[in-house]
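1. Here is my input, please return the structure:
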Amino acid sequence: MRTARDQQKLHFGIRILTDEETLTLMPSTTRGGGHYMYRISSSGLLLCLLSQTAMAADLPRRALPPAATAVPIFSWTGAHAGLFAGYGTLDRATQFVCTGPDGQPGARNCPVIPSKRASDGSFVGGAEVGYDWQVNSGFVAGAAADYQFTRLWGYDRREGAFPAAGGGFYRRSVAHSGQRLDELATLRGRIGFAVDRTLVYATGGLAAGTVRTDNNLSLAGFPLFDGRQGAVRLGYVAGAGIEHAFSEHLSAKVEGLYYDLGSRAVLPAPSYPVLTGYHAGTRVATDGFLARVGLNYRFGAGLPDLPPVALAGPATWDFEGGLRYFFSAGTPREKLGDPDAPGQLNSRLTYANAQAHAGESFARLEHNPTGLFAKGFLGSGGVTGGRLADEDFPPALRRYSKTLSPIKDGDIGYGVIDLGYDVLRRDGYKLGGFLGYQFASELYNGYGCRQVAGGTPCARPYPTSMKTLGESMQWNALRVGVIGEARFDRVRLSLEGAYLPVVSLSGVDRHWLRPDINPGPEGGRGDGYFLEGIIAYDLTPSVSVGVGGRYWQLQADKAHTTAFPFSPPSPMKFETGRYGGFAQLSYRLADFGFGETGAPAAPIRKD
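-> Numbers count the residues shown, from 1 in each chain. This next block holds a predicted model:
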């Protein structure tokens with residue numbers, strides 16, 4: 001056991017020798033000499049160094065500088081798929097053609113009608129898939145295929161006195177010509193140069209579209225030539241664009257394309273024994289421009305150096321997209337007034353219970369810090385049934401007339417794009433407002449004709465294999481609305497309502513048994529509204545299923561038609577309503593690596 005004297009001999013774990021012990025350990029030759037003073041000085045220096053080291057152990061360690069982080073480099077290599085929407089034009093150069101009995105163009109007695117160029121435009125939308133390869137220099141090469149829903153058409157009419165080759169005139173004559181592009185698909189290659197996340201490219205390749213061309217010619221009051229042709233036409237497409245990647249997998253693009261599907265001639269023979277052996281019709285060229293904005297999801301490596309989503313902190317962006325099946329029915333109506341007797345109703349067409357099956361895609365993108373959002377859907381489908389009622393009223397006709405025709409086919413197309421802001425956000429619910437655009441296209445075809453009111457038209461029924469009446473309508477509308485959402489655990493309820501203060505209509509009426517008024521251009525302005533409700537259930541944090549209902553009503557009460565030659569425009573009123581239900585499957589993603597992650601820095605540990 002140590003004595004108090006022994007405890008004093010310890011300092012910082014080092015035993016201090018007494019003078020006697022030191023002298024004992026020293027050789028006799030050095031005792032009391034200079035070597036003794038040297039040993040004492042050395043021991044003091046050693047003790048000082050040891051004490052400084054022990055004190056340093058109690059101080060916090062200086063943090064090491066952070067390791068350099070490699071800057072992520074985006075790669076465009078990989079497959080992609082996405083949606084796009086925009087504006088398209090259909091340009092047409094129409095040349096009237098007539099051949100004599102020997103096939104000679106411009107033979108004697110052929111009507112001479114000048115050529116014409118015109119252009120019409122409307123909404124387009126569709127989907128794209130593709131693949132790209134990128135090399136280290138930034139050069140990118142790839143291929144893409146797309147399909148777009150189009151409702152592009154244009155019809156022209158000439159009326160008056162047409163000169164005849166060789167002399168003379170055909171007085172009070174009418175010539176109709178026009179075409180319709182129902183759909184367009186392209187298969188393109190593209191090359192470009194990428195600067196990190198931005199790609200500038202040129203593209204070109206094959207284009208294929210379904211084109212319907214029709215024309216008719218009435219000379220001196222006789223409907224002599226009436227011809228129609230529909231076929232898939234091949235051509236080419238070329239253009240350029242710019243695409244920017246916002247995240248590892250999400251990119252947006254803006255591009256412009258020019259397409260050319262060539263020209264075709266439709267030359268029917270006369271339907272009456274007049275001008276026997278002659279053929280007259282039109283040759284129409286089909287081309288135009290497409291301006292498209294698209295959103296792509298890229299399946300490639302993208303930015304492989306980004307941190308995992310689990311480490312990214314609260315999500316800045318939320319994205320949800322999916323598919324729906326929509327079954328609906330509608331009852332469009334149009335009323336024809338008298339141009340010379342205001343308020344008089346001459347005719348009414350009712351397309352009752354026009355049923356349609358459609359598929360659609362939808363998406364919603366939200367910026368959580370600000371509450372801003374963008375949403376929309378795009379769909380198309382076929383009409384499978386319904387009944388057309390055609391009514392004519394006295395004094396336009398001597399007796400009231402009502403004919404019935406089954407609706408056998410047709411199609412619908414529709415789309416919505418909205419930008420909005422959630423003004424109220426709480427746990428479990430939110431409420432916002434939005435501004436947007438709505439597009440709707442309708443085509444209905446009636447077959448046969450049966451009189452049910454004792455009038456003169458169709459007193460002798462026409463077979464239901466014959467196309468007799470049809471209507472094409474395009475609606476464009478401005479939307480102002482509110483949308484609210486509430487969540488109860490895994491169940492989500494969404495309600496939306498919108499007023500459509502500005503609605504425009506462009507339409508074509510087809511009376512196939514009356515070439516003198518076929519086609520009949522129509523147009524007008526009005527308003528409308530839109531309602532939708534959805535109940536969804538989350539199967540997983542990312543996947544949900546749901547059901548919903550939708551109704552929209554559009555009307556144009558300031559409308560007219562110029563279908564009747566040698567007459568002023570006739571006043572009209574249009575309305576269309578479509579209601580139905582849908583089932584949906586959606587997938588939800590958070591962030592995509594947008595912007596800063598917002599994760600706090602890890603604390604530095606102390607020993």
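2. Report the buried residues of stretch 237-254.
-> By neighbour count on 16 or more other Cβ atoms under 10 Å, the buried set for stretch 237-254 is 237-241, 243, 245, 247-251, 253. Every residue, glycine included, has its C-beta placed from N, CA and C.
3. for stretch 530-548, same thing?
-> Those would be Phe530, Glu532, Ile534, Ala536, Asp538, Ser544, Gly546, Gly548, for stretch 530-548 by 16+ other Cβ under 10 Å.
4. These: which two are farthest apart?
-> Phe530 and Asp538 (26.1 Å; Cβ to Cβ).
5. if we can go back for a sec, show me the buried residues of stretch 237-254 that map onto strands.
-> Mapping these onto strands (DSSP state E) picks out Val237, Ala238, Gly239, Ala240, Gly241, Glu243, Ala245, Leu250, Ser251, Lys253.
6. what's the farthest-apart pair in these?
-> Farthest pair in these (Cβ to Cβ) is Ala238 and Leu250. Separation: 27.0 Å.
7. how about low-confidence regions in this protein?
-> By pLDDT under 70, the low-scoring segments of the chain are 1-73, 300-314, 591-607.
8. how about 80 then?
-> Counting by pLDDT under 80, the chain has low-confidence residues at 1-74, 247-248, 300-315, 590-607.
9. For it, which segments are assigned as helices?
-> Secondary structure of the chain (DSSP state H): helices at 4-8, 19-25, 34-57.
10. Quick check on Gly343: phi, psi?
-> Gly343 adopts backbone torsions of phi 90, psi -10, taken as degrees, to the nearest 10.
11. I figured it hits Gly337, correct?
-> Yes - with contact defined as Cβ atoms under 8 Å, Gly343 reaches Gly337; the gap is 7.3 Å.
12. Cross-check the contact I'm expecting between Gly382 and Ala354.
-> No - counting by Cβ under 8 Å, Gly382 stays clear of Ala354, with 11.1 Å between them.
13. Please identify which of the two sits among more neighbours.
-> The residue with more neighbours, out of Gly382 and Ala354, is Ala354; 25 against 13, by other Cβ atoms under 10 Å.
14. ok so, going back, of all the buried residues of stretch 530-548, which comes closest to Arg190?
-> Distance to Arg190, by Cβ to Cβ, is smallest for Ser544 among these, at 35.0 Å.
15. hang on, the earlier thing: looking at Gly343 and Gly337, which one has more neighbours?
-> Taking neighbours as other Cβ under 10 Å, Gly343 and Gly337 compare with Gly337 leading, 19 against 7.
16. Report the beta-bridge partner residues of Val293.
-> Judged by DSSP bridges, the bridge partners of Val293 are Ala85, Val254.
17. Roughly how far does it sit from Thr89?
-> According to Cβ to Cβ, to the nearest Å, Val293 and Thr89 sit 16 Å apart.
18. Compare neighbour counts for the two and give me the winner.
-> Under the criterion of other Cβ under 10 Å, the comparison of Val293 against Thr89 puts Thr89 first, with 18 against 15.
19. and that one, what does it touch?
-> Taking Cβ atoms under 8 Å, 6 or more residues apart in numbering, we find Thr89 in contact with Ser119, Asp120, Gly121, Leu152, Gly288, Phe289, Leu290.
20. what pairs with it across the strands?
-> On the basis of DSSP bridges, Thr89 takes part in beta bridges with Gly121.
21. nearest spatial neighbour of Ala143, skipping sequence neighbours?
-> Nearest non-adjacent residue to Ala143, counting by Cβ to Cβ, 6 or more residues apart in numbering: Gly189, 5.2 Å away.
22. And for Arg264?
-> Thr213 (6.0 Å).
23. Kindly report the same for Gly470.
-> Per Cβ to Cβ, 6+ apart, closest to Gly470 is Arg510, 3.8 Å.
24. I'd say Ala363 and Lys375 touch.
-> Yes - counting by Cβ under 8 Å, Lys375 is a contact partner of Ala363 at 6.8 Å.
25. Spit out the residues that contact Gly382 and Ala354 alike.
-> Residues touching both Gly382 and Ala354 comprise Gly410, with contact defined as Cβ under 8 Å, 6+ apart.
26. ok, which stretches of the stretch 201-350 of the chain are strands?
-> When assigned using DSSP state E, counting those that start in this stretch, the strands of the stretch 201-350 of the chain occupy the ranges 222-245, 250-266, 279-298, 317-330, 333-337, 345-367.
27. What are the boundaries of the strands in the stretch 401-550 of the chain?
-> Using DSSP E, counting those that start in this stretch, strands in the stretch 401-550 of the chain cover 401-426, 429-451, 462-488, 491-511, 520-538, 543-561.
28. of the ones you listed, which approaches Ala85 most closely?
-> Once these are compared by Cβ to Cβ, strand 401-426 is nearest, at 6.4 Å.
29. if we can go back for a sec, can you redo the strands of the stretch 201-350 of the chain as TSV with distance to Asp427?
-> Output for the strands of the stretch 201-350 of the chain, formatted as TSV (distance: least, Cβ to Cβ, whole Å):
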stretch	distance to Asp427
strand 222-245	33
strand 250-266	27
strand 279-298	29
strand 317-330	15
strand 333-337	47
strand 345-367	16
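30. Gln179 is nearest to which of those strands?
-> The closest of the strands of the stretch 201-350 of the chain to Gln179 is strand 279-298. By Cβ to Cβ, the value is 5.3 Å.
31. can I assume Phe362 is in contact with Gly322?
-> Yes - Phe362 lies in contact with Gly322 (Cβ under 8 Å); the separation is 6.0 Å.
32. Can you tell me which of the ones in strands among the buried residues of stretch 237-254 is closest to Phe327?
-> Comparing those against Phe327 with Cβ to Cβ places Leu250 closest, at 31.6 Å.
33. didn't Lys573 look like it was pressed against Asp557?
-> Yes - in terms of Cβ under 8 Å, Lys573 counts as a neighbour of Asp557; the distance is 5.1 Å.
34. quick one, which of these two is more surrounded?
-> Counting neighbours by other Cβ under 10 Å for Lys573 and for Asp557 shows that Lys573 has the greater number, 19 against 15.
35. Spit out the contact partners of the more buried one.
-> Glu334, Lys335, Gly337, Gly524, Gln555, Ala556, Asp557, Ala559.
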